[in-house]
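Undergrad: Got a predicted model here, sequence first, then my questions.
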Amino acid sequence: MATRAAAVAGTWYPAHPEALTRDVDGYLDAATADCVGDIRAIIAPHAGLMFSGPIGAYAYKSIATRTYDVAVLVGPSHFVGFEGVAIYPEGAFATPLGPAMIDEGTAAALSQSGPIVPMPAVHAREHSLEMQLPFLRRVCPHLPIVPLLMGEQRRSTIEHLAVSLSSALQDRQALLVASTDLSHYFNAQTAATLDGEVVAHVDRFDVNGLFAVFERYRESDRGRFVGCGMGPALAVMLAARTLGARTARVLRYGHSGEISGDYDGVVGYMAAAIGNFAGGDGTC
């Protein structure tokens, strides 16, 4: 079996297990989780742990007491441009907290449909999925994963991936994880305005509205103005809706300036949960 080595351990997050456990557990302890009901998907950021960890912890705290049989991670490819979706089909992702094993049966099923093809090399340097693993290893330590990276984030790829996910996972107790940061390197006030549109559409589970925001910009600008992983987030929202989710809730919003003190060029972060919550109106 092929084990993908951790690419950013020791830089983006601690490589020592005790230090990483202390940091992740500290963020989880500080987060609240009061969602009552079924959670089918979460959205979480993927910046360095000290910056995005306090936000991402809210997404992972919301699933800490729930049971799943597989987590399908969908993130953007920052380093390799390609059409479609690259799956890491077998083996494991190494982490300081032990290997995250790949559900090879689910990976094989997904590889049979849509734009998903085995491309392990695309995953080698990518951090967008790796940054989810410290939290996932703490809240669901034995949960196998399926890693997916989206290349060019076009509507056709997003919609085809959503169909593939919902088809392969319809009889599974699966957790979908979308990895995305929001706007990049605007001042905090501008970021809050740009990110506010995304937050509002996610909180209303308004996929069409979010697509309209996403497609308002040229493909080359979407990562900066909307979010580097908004294609994966849209695919996960569409798949979750097909799998029965009816509500969503943004659990936390923040930006990098709250940690760095630099409010002139920030990156926005959001944590959200998608499923069926008490009352049916998105209220957790």
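TA: On my side now, so go ahead. Predicted model only: the values in this text are computed from it and were never measured.

Undergrad: So for the top helix by length along the chain, mean pLDDT?
TA: Among the elements of type helix in the chain, defined by DSSP state H, the one spanning the most residues is helix 188-203. Regarding helix 188-203, the rounded mean pLDDT is 98.

Undergrad: going on from it, what's the next piece of helix or strand?
TA: Downstream of helix 188-203, the next assigned helix or strand under DSSP states H and E is helix 207-215.

Undergrad: Please spell out which residues along that following helix are buried.
TA: In terms of neighbour count (16 or more other C-beta atoms under 10 Å), helix 207-215 has its buried residues at 207, 210-211, 213-214. Backbone N, C-alpha and C define where each C-beta goes, glycine included.

Undergrad: ok now do residue 80, which residues does it touch?
TA: For residue 80, the residues meeting the contact criterion (C-beta atoms under 8 Å, 6 or more residues apart in numbering) are 86, 121-122, 126, 151.

Undergrad: Buried among these? Make that a ChimeraX selection.
TA: Here the buried members of the contacts of residue 80 are turned into a ChimeraX selection, burial being counted by 16+ other C-beta under 10 Å:
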select :86,122,126,151
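
Undergrad: farthest-separated two in the contacts of residue 80?
TA: The span of these, defined through C-beta to C-beta, is set by 121 and 151 at 12.7 Å.

Undergrad: which SSE is the residue lying closest to residue 225 once chain neighbours are set aside in?
TA: Residue nearest to residue 225 in three dimensions, not counting chain neighbours: residue 217, with 5.0 Å by C-beta to C-beta, 6 or more residues apart in numbering. Following DSSP H and E, one finds residue 217 outside all helices and strands.

Undergrad: Among the contacts of residue 80, pick out the one closest to residue 262, please.
TA: Comparing the contacts of residue 80 against residue 262 with C-beta to C-beta places residue 126 closest, at 25.5 Å.

Undergrad: From residue 249, how far out is the closest one?
TA: According to C-beta to C-beta, to the nearest Å, residue 126 and residue 249 sit 28 Å apart.
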